[in-house]
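[1] Sequence first, predicted coordinates after that:
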Amino acid sequence: MFRPEGITLDFGGGPHRYVAFERSASMSRQSRLSFIRADLYEPIRQRIMLNMELRRCQLSKLYAYNGLMFSSGTRVDGIRIDKKHRVIVIDNPT
């Protein structure tokens, strides 16, 4: 298991602590793990879950669903995407 307290990284904007986040089934198969800044973990988790509180559920499906948010994520520099009113939609025609 990865370090539960997370890791500290500095990408040029000062050091921030990052913790392991959810991962989709595909990410698990590819041995990928996503990380999120620790101060954003709870707001993002609540946003993914639409503020729902779960009781009993199948954890593997919950983790896979939650992991979809970052399954094909890319880093975006230059804008503050951690504001509540921001939603980023990328045109991805198939």
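    Perfect, I can see it now.

[2] Please count neighbours and contacts with C-alpha atoms only from this point.
    Fine.

[3] which helices and strands sit right next to the longest strand along the chain?
    Longest strand in the chain, counting residues (DSSP state E): strand 15-20. Other elements packing on strand 15-20 under the criterion 3 or more C-alpha pairs under 8 Å, 6 or more residues apart in numbering; DSSP states H and E are strand 7-10, strand 35-37, helix 38-48.

[4] Go through these and pick out the most buried.
    strand 35-37 (a mean of 17; mean count of other C-alpha atoms under 10 Å).

[5] what distance separates it from the centre of its chain?
    6 Å (C-alpha atoms, centre = their mean, to the nearest Å).

[6] Parallel or antiparallel, which strands does it pair with?
    Using DSSP bridges, strand 35-37 pairs in its sheet with strand 15-20 (antiparallel).

[7] Helix or strand next in line after the strand it pairs with, which one?
    Remark: after strand 15-20, the chain's next helix or strand is helix 25-29, criterion DSSP states H and E.

[8] So for that next one, what gets flagged as buried?
    For helix 25-29, a neighbour-count test (16 or more other C-alpha atoms under 10 Å) marks 25, 27 as buried.

[9] What of stretch 57-66?
    64, 65, 66.

[10] Nearest to residue 77 among those residues?
    Ranked by distance to residue 77 (C-alpha to C-alpha), the buried residues of stretch 57-66 are led by residue 66 at 23.5 Å.

[11] Apart from its neighbours in sequence, what residue is nearest the closest one?
    residue 22 (5.9 Å; C-alpha to C-alpha, 6 or more residues apart in numbering).
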